[in-house]
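In: Output the structure for:
(one chain, ligands or ions: 1)
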Amino acid sequence: MSAAVVTGGDPDRRQPTEHADTGVELAGIDLPSPILTASGCAAAGRELDAFFDITELGAIVTKSIMLKPRAGRATPRMSETPSGMLNSIGLQGPGIDAFIENDLTWLNERGARTIVSIAGETVEEYGRLAAKLRSSGGFDAIEVNISCPNVADRGQVFACRAESAAQVVQTVRRSSDSRIPIFAKLSPDVTDIVEIADAVIRAGATGLSLINTLLGLVIDTTTMRPTLAGTTGGLSGPAIRPVALRCVWQVHQAFPTIPIIGMGGIRSGRDALEFLLAGATAVSVGTAVFHDPSAPSRIHTELAREVRARGFDRVQDVIGFAHRADDRDVPSPASTQHTTPAPQETSSLEDWDFITE
Ligand code: DHB
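Out: Predicted coordinates:
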């Protein structure tokens, strides 16, 4: 999965490679790749490690962990939707103590960079989770999930109100090692996501994860009831990509120096490139891994090629590039710099046939 600008050896004989350098700096952390897993879609990375070397990704973002073990919602918990998926897992998990002992220990032994996602029912619970992580160490950043749609009442979706979103983030910031970056994961289900972003940045968020799933519903026309046991669920997959991209665009425009992890229906290098151009520094791959567990690794390679094909040597240089005022800085067409034609997208809409109606 490595990507270099040029091959080594005699400088006069070096040929440009077809891959851009994929290293990015995310909130002070040097990542070899901007491709991360998405919380909730790869557990703690063990299963994906059977398909590719997870240490070559930017980081593993773990499933949101709560204070106590939790069985989650009754089944059915997942339903296919047009170009997407609706889920209501209900934050199933082993609880923070078992997570630290088993999953975090394994990730450290494996040498993977790790972003730990935390979720609480109250502001105080988030503080206790952050304090436990401060004691354990062994991770690179925290993603504060304040936007899970599958909670007992909408009042617990802290990210839907600026004040409650800020309270959670401030508590996590105060309970954490000051050197640890904190990413607040926001919901698109709000009138103005920039207002929520502003509140959490003021409260101490280092960066933002954009976006969580959208609240959705599917009705089974045979039983004539909601398909999911939890009635509503979180919508993910390519169906939400333009919404996610719009959120990244708006927030980057308002806060250009704040690092953003973008996510929402990314299934190819070209999709990932869209998010970087809109202003994301890194991207998480989620729903795509359910039908293609190697997707994060494939998307890494595709992105390196897509960026190079546009005349850039470094992925870092395309971040926010779609916001530029004029075209004076656009590199020469790739064809004048190297001979590799722009690759075709390797995954097509047909790959999603199983998930469309
Ligand atoms: C769950 C949590 C989420 O944050 C989400 O977006 C979807 C589902 C859950 O565990 O139910």
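
In: Contact residues of this protein facing the ligand?
Out: By CB under 6 Å from any ligand atom, the residues of the chain that approach the ligand are 40, 64, 87-91, 145, 148-150, 212-213, 234. All C-beta atoms are positioned from the backbone trio N, CA, C, and that covers glycine.

In: Mind doing that once more with 5 Å?
Out: By CB under 5 Å from any ligand atom, the part of the chain that sits against the ligand consists of Ile89, Gly90, Leu91, Cys148, Asn150, Asn212, Thr213, Gly234.

In: among those, which are in strands?
Out: If you go by DSSP state E, the residues of the chain next to the ligand have Gly234 in strands.

In: Okay, now the unreliable bits of the stretch 151-300 of the chain?
Out: By pLDDT under 70, the stretch 151-300 of the chain has no low-scoring segment.

In: Let me see the contact set for Pro32.
Out: Under the criterion of CB atoms under 8 Å, 6 or more residues apart in numbering, the neighbours of Pro32 are Ser2, Thr22, Gly23, Glu56, Gly58.

In: Compare those and tell me which is most surrounded.
Out: Gly58 (29 neighbours; other CB atoms under 10 Å).

In: so what's the nearest residue to Leu273 once chain neighbours are set aside scoring on pLDDT?
Out: Excluding the flanking residues, the one nearest Leu273 by CB to CB, 6 or more residues apart in numbering is Glu306, at 5.0 Å. We have a pLDDT of 98 for Glu306.

In: can you confirm Glu306 is in a helix?
Out: Yes. Checked against DSSP: H, G, I helix; E, B strand; the rest coil, Glu306 lies within a helix.

In: can you count the residues close to it?
Out: When neighbours are counted by other CB under 10 Å, Glu306 registers 26.

In: Show the contacting residues for Ala166.
Out: Contact partners of Ala166, counting by CB under 8 Å, 6+ apart, are Ala199, Val200, Arg202, Ala203.

In: Look up how far the ligand lies from the third one.
Out: By that I understand Arg202. Per CB to the nearest ligand atom, to the nearest Å, Arg202 is found 23 Å from the ligand.

In: What are the neighbouring residues in contact with that residue?
Out: Taking CB under 8 Å, 6+ apart as the test, what Arg202 contacts is Ala166.

In: where does it fall, phi/psi-wise?
Out: For Arg202, the backbone dihedrals (degrees, to the nearest 10) come out as phi -60, psi -30.

In: And it, how close does it get to Arg225?
Out: Look at Arg202 and Arg225: by CB to CB, to the nearest Å, they are 43 Å apart.

In: Provide the secondary structure category for Leu36.
Out: At Leu36 the chain is in strand, as set by three-state DSSP.

In: Run a quick neighbour tally on the residue lying closest to Val194 once chain neighbours are set aside.
Out: Leaving aside its chain neighbours, Val194 sits nearest to Ala254 (4.7 Å; criterion: CB to CB, 6+ apart). Counted with other CB under 10 Å, the neighbours of Ala254 add up to 15.

In: Over to Gly93?
Out: Using other CB under 10 Å, the number of residues around Gly93 comes to 23.

In: now it, which residues is it bridged with?
Out: For Gly93, the beta-bridge partners under DSSP bridges are Arg70.

In: Quick one: residues contacting it.
Out: Contacts of Gly93 (CB under 8 Å, 6+ apart): Lys63, Ser64, Ile65, Met66, Pro69, Arg70, Gly72, Phe99.

In: would you list every one of the strands in the stretch 151-300 of the chain?
Out: Here the stretch 151-300 of the chain has its strands, by DSSP state E, counting those that start in this stretch, at 182-186, 207-210, 214-217, 219-220, 225-226, 232-236, 260-263, 282-285.

In: Now render these as TSV, adding mean neighbour count.
Out: Shown next, in TSV, are those (neighbours: other CB atoms under 10 Å):
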stretch	mean neighbour count
strand 182-186	27
strand 207-210	28
strand 214-217	18
strand 219-220	12
strand 225-226	14
strand 232-236	24
strand 260-263	30
strand 282-285	30
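
In: Can you find the residue of the stretch 251-357 of the chain that comes nearest to the ligand?
Out: Evaluated by CB to the nearest ligand atom, the stretch 251-357 of the chain has Gly286 as its residue closest to the ligand, separated by 8.9 Å.

In: quick one: that residue and Gly137, what's the gap?
Out: With CB to CB as the criterion, Gly286 and Gly137 are 27 Å apart.

In: Also Glu195?
Out: Going from Glu195 to Gly137 by CB to CB gives 34 Å.
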